[in-house]
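>>> Next come a sequence and a model predicted from it.
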Amino acid sequence: MTDTYNPARVVAVQEDLLTIEMAATNPRPILKNEVIYVCPQRRDGDRQERLKAEVLRVHGTTADAQVYESTRGVGIGDPVEQTGELLSVTLGPGLLGQVYDGLQNPLAGLASGYGTFLPRGATVAPLDPEKKWSFQPTARMGDRLKAGDVIGTVQEGRFTHKIMVPFALPGEMSLDWIQQGSFTVDTAVARITDEHGATRSLTLSQDWPVRRSLPQNLLERRYCERLYPEEPMITTQRIVDTFLPIARGGTGCIPGPFGAGKTVLQNLISRHSDVDIVLVVACGERAGEVVETITEFPKLTDPKSGGSLMDRTIIICNTSSMPVAAREASLYTGLTLGEYYRQMGYDVLLIADSTSRWAQAMRETSGRLEEIPGEEAFPAYLDSSVKGVYERAGILRTSDGSVGSLTMIGTVSPAGGNFEEPVTQSTLSTVKMFLGLSADRAYKRFYPAVDPLISWSRYFEQLKPWFSRNVAPDWVERVAAMNDLLRRGDAVSQMIQVTGEEGVSQEDFILFQTSLFLDMVYLQQDAFDEVDASCPIERQKTSFDLVCQLIAANYHFTGKAAVRDYFTRLTGLMKNLNYAPEDSPTHAGYLKQIHELAAVQSWTPTTAAVATAPASPAAAQAASPSAGETSSGETPPTPAAV
């Protein structure tokens, strides 16, 4: 084949879907997933537009391609430039703090170069080509290297950015030379020679196709190792860390109807989670929410470093008003950037909001390709596509011994809150942590509006050793007891709605009040309170111990009104305790009031506090000594007045 070829031509146009045909003479073969550029003959002034597109399907000498721009003005016979490359992103220093579109165009660079209203085909280099980085070599001349090995580092903010041998290179290579100094991302800093004598220069950056898992080749050649998740990713959200934990390197989803608080919850998780790097992929969200995220994140303080939250964040945004094809590609762009930082040994969290609109983009493209539809017109391969996305999460041990993780949490926006629709069901069959948001709880102003009765986490068993070592030996068993209390309390609540309070016994009413107390003071957090918005795992343990002790106490009430009054007052004090900074006089004052109030209605045995909730308050009350007598037959001390 000669180096020159005749370009392919457009033969059909259907919205953002084109059919192209290879030239009759001296053609260049068309590859699936190849990036091409459509060059409309109807020019926009003196500027030749180059519209980026990706080949979806090849039929002999013709192919179908999706264009990442509006196809207005594209006509039959327009030439097509073929690159022979797959849709890729550029990896290197300078990614952190950036806001990209789904094709890795920095929005700030687009705005400064082209203004607010962007012309078609406008592109900007993903990494600043003029900025210099101080490169410190770690490899020496003569070293034997392989794909993924570290040759040096640059300092990217507070992070040490590892410069690695391109991940796709096969076999071993010899390092011929390497230099130290300040260089741009496109300057050669080293040269390697493979076993066949071919040489290659290495720069601070490299490209990788987004639809291919970055460590795929490294795992196949055993240059790195996938590990089993054994510790939780602490989010500082009590309902998540205690009742619905997610493993570091694990997967989770947050389905919920409109207005249930998905965006607020994911923002708090991304802000306070115990991770190094955060990627927020807004694929198809409304422009207002994306603008709010872009404007607020730089103003927020990183609780780990004290600097700006954007210093450790990358935002990929393709709003619902942007082209459908770019929306579908944005999720893969975010995944590839997350895998890149995981390969350096960092803990990465990727928030995808929302995978429903990502799947809808696939549905639109599939419909235009006239593929056989599945349920609700989604493509038949929806399930495998969802699994392929979440399977890229995990923990890896790299060739230099570093351990990195990529944790992925995807929000799902089912129409009308219907969790039976295909995207939600495919996601639930893939992930191992499910935070189901409830419209009823959101309407009652419960936050987070996660329904503990329908939500679940399959990570409990594999995380049990970690909780036993780092929190409490019986932590998992106590959480299971509290879960059971919530279920039994919900059953009594439904009975009260039918029969009224008069239709249940006082023992069952106490059971209902204790479960409501647990829900109000522990499962809920105030997202806008400086203290309660983030609850470290140490404080969660202290609070959970206190709540379990109060629930397991031997209560003696004169009637249901006394039960309601006591738990109402106790709930108020516990909420104020949650708002008080730990080790402060205010915190100590509320804690004293709680113990004094509890002493009025109960007394605690001198032995260790009961760790788990009793099987039934009625059973516990029946098993306790009669009023005015302790288990030893002695009269209990007079409780302190409140």
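Now that the structure is in, tell me what you want to look at. It should be emphasised that the depicted structure is a prediction, and the values quoted were computed from it without experimental measurement.

>>> how distant is the longest helix seen in the chain from the center of its chain?
If you go by DSSP state H, the chain has its longest helix at helix 475-499. Relative to its chain's centre, helix 475-499 lies at 30 Å (C-alpha atoms, centre = their mean, to the nearest Å).

>>> Against which helices or strands is that helix packed?
Applying 3 or more C-beta pairs under 8 Å, 6 or more residues apart in numbering; DSSP states H and E, one finds that helix 475-499 contacts helix 460-470, helix 506-518, helix 537-551. Quick note: C-beta positions are derived from backbone N, CA and C, even for glycine.

>>> Highest mean neighbour count out of those helices?
helix 506-518 (a mean of 22; mean count of other C-beta atoms under 10 Å).

>>> what's the angle from it to helix 475-499?
Going by axes from the mean of the first three to the mean of the last three C-alpha atoms, to 10 degrees, helix 506-518 is angled at 120 degrees with respect to helix 475-499.

>>> what angle do helix 506-518 and helix 537-551 make?
Per the same axes, to 10 degrees, the angle that helix 506-518 makes with helix 537-551 is 170 degrees.

>>> for the longest helix of the chain, what is the average pLDDT?
Across helix 475-499, pLDDT averages out at 96.

>>> tell me which residues in that helix are buried?
475-476, 478-479, 481-483, 485-486, 488-490, 492 (16 or more other C-beta atoms under 10 Å).

>>> Return the closest of these with respect to residue 208.
residue 476 (39.7 Å; C-beta to C-beta).

>>> Quick one: low-confidence residue ranges for the stretch 101-250 of the chain.
The stretch 101-250 of the chain contains no residues with pLDDT under 70.

>>> what residue ranges in the protein score low on pLDDT?
1-3, 43-46, 285-288, 320-322, 603-642.

>>> ok so residue 562 is a strand residue?
No. Counting by DSSP: H, G, I helix; E, B strand; the rest coil, one finds residue 562 to be helix, located in no strand.

>>> which one is it nearest to, not counting chain neighbours?
What sits nearest to residue 562 in space, not counting adjacent residues and going by C-beta to C-beta, 6 or more residues apart in numbering, is residue 601, at 7.9 Å.

>>> so what's the backbone phi/psi at that neighbour?
Main-chain torsions, residue 601, degrees, to the nearest 10: phi -100, psi -10.

>>> What is the burial count for it?
Other residues within reach of residue 601, judged by other C-beta atoms under 10 Å, total 19.

>>> related to what we said a few turns ago, list just the one of the helices and strands packed on helix 475-499 that sits closest to residue 571.
Using C-beta to C-beta, the nearest of those to residue 571 is helix 506-518, at 5.7 Å.

>>> now for the closest one, which elements pack on it?
Applying 3+ C-beta pairs under 8 Å, 6+ apart, one finds that helix 506-518 contacts helix 475-499, helix 537-551, helix 560-579, helix 617-623.

>>> try 6 Å this time
Using 3 or more C-beta pairs under 6 Å, 6 or more residues apart in numbering; DSSP states H and E, the elements in contact with helix 506-518 are helix 475-499, helix 560-579, helix 617-623.

>>> Residues contacting it, please?
485-486, 488-489, 492-493, 551, 560, 563, 567, 571, 617-618 (C-beta atoms under 6 Å, 6 or more residues apart in numbering).

>>> If we use 8 Å, what do you get?
By C-beta atoms under 8 Å, 6 or more residues apart in numbering, the residues outside helix 506-518 that reach it are 482, 485-486, 488-490, 492-493, 495-496, 501, 504, 547, 550-551, 555, 557, 559-560, 563-564, 567, 570-571, 574, 613, 616-618, 621.

>>> residue ranges of the strands in the stretch 1-150 of the chain, please?
8-14, 17-21, 34-38, 51-59, 62-67, 79-86, 88-91, 99-100, 133-137, 144-145, 150-156 (DSSP state E, counting those that start in this stretch).
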